[in-house]
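**Student:** starting from these lines, generate the structure:
(chains A and B)
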Amino acid sequence: MSHRPKTAALIAYAEALLSPEGQRRVEAHLAGCEACRAELAAIEAYDALVEDVRSVEIPTIDFASMELPLAREAEAVSRQMIAQRQRRSARPWIAAGLVAAAAAAALWWSTRETEPQAPPRAEAPVEREAPAPVIAPEPARLTPVVTLAAGEVRRETADGEIPLELGAVLDEGARVGTGAASELHVRLADGTGFRLAASSALALARAREDEIRLELAQGSVGHAVAPLSNGAAFVVLAAGYSVEVTGTRFVVSALDGTVGVDLSEGAVRIRPPRGEPIELEAPARWRSSGGAEGGAPRPVSVRGLEAPRVAPTPVRLADARMIRWSVDGIEIETSGDVQLGLAPGEHPVRAWDARGRLHTALLPVGGAPVELSAGALQADAPRVRAGHLDEADLRPVLSRGMRQVQRCYELALRQGTGAVTGRARLRIEIGLTGGVQRAQVLGIPESSLTECITSYASRWTFPPPGGPLTVEQPLTLAPTQ
Amino acid sequence: MDPDAALITRAQAGDTTAFRQIFVRHQATVSRIVFRMIGPSADVEDVVQDVFLNVYRSLASFRGDAKFSTWLYRLATNVTRMHLRRGRSRPRFSDQEVPEGPREGAPADTPDVQLERAQRVEALYRLLDTLSEKKREVLVLHDLEGVPAKEIAEALDIPVLTVRTRLFYARKELYAALANEPSLEGVMQVLLDQLPGRPAQPAEPPSR
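**Tutor:** The predicted model follows:
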């Protein structure tokens, strides 16, 4: 007769969950039931196998190799999320403030699959209450993001000013400002961004695919603009002047009512409040006051212009003694903290204090946010810089000196000890302050003549060359007839 | 309060660093689930990466109704299930090498003991391949991964009772399969011999 083992009872037996009487009954049954014994053996074998499996350690997994593909995906997904949200928030009937923030968020997520121009979904009661206007397609909004924040950088809100942090996203209409010795870098689109200098204020009036419009209230703002697609415009407004550009690097400043444009690359068109537009081509420095500015315009460099393939690690540089920093080829002038994103790896950091002394540190950057705090920077030994003197600075001293050399030679000829002819060189090592530290006559044997020349030369004084400088003066030794 | 809530909110706002933090924070859990589900296999890394790609893509749909970890379990099991479905027709090979020395903190097993265990583990995964997806998921999560039935119910969106039923039948199928697994014949015989109520004569080895 075929007998089906009672699995539940056998499990209970195996786990000793039965009463002593129950345990004994199952044991008695097992003696005569081969199928039940096999089943019980399988139960115990399974339990042992589970233990085996649980004891197997998970193999080492190379998570690092996943970083890049995941970072790319995160970038793509994040762009989609932001674009979706901005398209949604651009709809006037959502902005009508009918719903609490939480409800609005849920609404957005619930409808995120719908196309921007799709009609509102029927099950969203809030949307049903609102009129369904016909919305003309709007150029997509850009996602301006803070790529460097140094010192005191802030954003105006209805409740006052809030400090801006690295990675903060600025909406259209945002007003941002910088304190003294501070700067703010913002990426507007790939290859396009601005650097707001110290003590400046700027409004992000429009940040769309078709047009970027910045309104500079005061201070100075530098721009790097990649050629924009489809004839999109990039306009900076300052004190009634508008500066238009399609692909260039330039600085617009508005200081005491004077608007300035420093163009280091490309071309811009300036539209004054009245009169004809002014076309500028790089390099150029233009001022609304009409006064010309000398020198070449300084090139603008904005941090993080290209959207990174790997999300950069937030880095904070904090050392109140420093007033200027240099990291990854970017110079930042601030006495406050610097926040920027750096790719993982080792980054040499250079910083200068108020006395101009250089400090350096090697900053290892991994995945987690890093802070370089005071004390991490090592003061560099004063650097020996080669000095320099123009010909015009050297000539008067050498001319006077040559008369002394002449006297030495005449004396030697008279003494009969210096009847040497030919070419020699006088090498003079000039020190930091212009004094001669060492003089040598080369090319002829040492004698009372060379001694005479070097003793004179040692007392010469040149203008300070700013660093050690060695000059050589040829000497032609021949008795005059 | 879900400990991941703030992170998820940031990621849903498009903060890419939050995405990375999700990956860093949950990579160990996801790897464990994937490894337990598919067993020793060279595919573990691919599946783990696939899980996170799917997490990123689906993050916008996470509404916070369930805990993020529960949602992650669900997603990880789904992705792994898809992987197993694709690979079901393929023979199972293992490139797992027997470790040469003892693991840190683990008792020092001799290589032959380790090899035997590795073979038993492989045998179990071969048997798991014979289970239906639904039974396999529940059994792996509960018995191998140690996830409580209630959490499995939440992750798979099924009643707790269904979890228990699937678990029971999954085990029952496995018991039957174990008895017929050639590589476990020796183990089974040892266990049979040790059982109480053993008949006076040793049982004949089952003929196959």
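**Student:** alpha carbons only for contacts and neighbour counts from here, please
**Tutor:** Fine.
**Student:** residue A:430 bridge partners, please.
**Tutor:** residue A:436, residue A:469 (DSSP bridges).
**Student:** mind checking the end-to-end distance for stretch B:142-150?
**Tutor:** 10 Å (Cα to Cα, to the nearest Å).
**Student:** list the contacts of that stretch.
**Tutor:** A:50, A:53, A:54, B:32, B:33, B:36, B:141, B:152, B:160, B:163, B:164, B:167 (Cα atoms under 8 Å, 6 or more residues apart in numbering or on different chains).
**Student:** recalculate using a threshold of 7 Å.
**Tutor:** A:50, A:53, A:54, B:36, B:141, B:160, B:163 (Cα atoms under 7 Å, 6 or more residues apart in numbering or on different chains).
**Student:** and for stretch A:243-261?
**Tutor:** With Cα under 7 Å, 6+ apart, stretch A:243-261 has contacts from A:218-228, A:233-239, A:262-271, A:285-289, A:300.
**Student:** and stretch B:5-15, does that touch chain A?
**Tutor:** Yes: using Cα under 7 Å from any Cα of the partner chain, we find that stretch B:5-15 touches chain A at B:12, B:13, B:14, B:15.
**Student:** TSV for those, including pLDDT and neighbour count?
**Tutor:** TSV is the format used below for the residues of stretch B:5-15 next to chain A (pLDDT from 0 to 100; neighbours: other Cα atoms under 10 Å in any protein chain shown):
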residue	pLDDT	neighbour count
B:12	87	23
B:13	85	17
B:14	84	24
B:15	86	24
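**Student:** and stretch A:352-367, how far from the chain's centre?
**Tutor:** From the chain centre to the centre of stretch A:352-367 is a distance of 15 Å (Cα atoms, centre = their mean, to the nearest Å).
**Student:** CA atoms only: put it into CSV for me.
**Tutor:** The C-alpha trace of stretch A:352-367 is given here as CSV (Å, rounded to 0.1, in the frame of the first residue of the first chain):
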residue,chain,number,x,y,z
TRP,A,352,48.3,82.0,-1.3
ASP,A,353,48.0,84.0,2.0
ALA,A,354,47.7,87.7,2.3
ARG,A,355,51.4,88.1,2.3
GLY,A,356,51.6,86.3,-1.0
ARG,A,357,53.2,83.2,0.4
LEU,A,358,52.4,80.0,-1.4
HIS,A,359,51.0,77.0,0.4
THR,A,360,50.4,73.6,-1.2
ALA,A,361,48.6,70.3,-0.5
LEU,A,362,47.8,67.2,-2.3
LEU,A,363,44.1,66.5,-1.9
PRO,A,364,43.0,62.9,-2.4
VAL,A,365,39.4,62.9,-3.6
GLY,A,366,37.3,59.7,-3.5
GLY,A,367,33.6,59.2,-3.6
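**Student:** show residues contacting it.
**Tutor:** With Cα under 7 Å, 6+ apart as the criterion, stretch A:352-367 contacts A:313, A:321-325, A:344-351, A:376-380.
**Student:** likewise for stretch A:457-474?
**Tutor:** Taking Cα under 7 Å, 6+ apart as the rule, stretch A:457-474 contacts A:385-389, A:393-394, A:397, A:401, A:424-439.
**Student:** swap in 10 Å and give it another go.
**Tutor:** Residues outside stretch A:457-474 that contact it (Cα atoms under 10 Å, 6 or more residues apart in numbering or on different chains): A:384-390, A:393-398, A:400-402, A:404-405, A:423-443, A:451.
**Student:** please pick the buried ones from these.
**Tutor:** For the contacts of stretch A:457-474, a burial check counting by 16 or more other Cα atoms under 10 Å in any protein chain shown picks out A:387-389, A:398, A:401-402, A:404-405, A:424-432, A:434-442.
**Student:** so which of the contacts of stretch A:457-474 are in strands?
**Tutor:** Among the contacts of stretch A:457-474, the members found in strands (DSSP state E) are A:423-430, A:436-442.
**Student:** and those residues, which two are furthest apart?
**Tutor:** By the measure Cα to Cα, A:423 and A:437 form the most distant pair in the ones in strands among the contacts of stretch A:457-474, at 23.4 Å.
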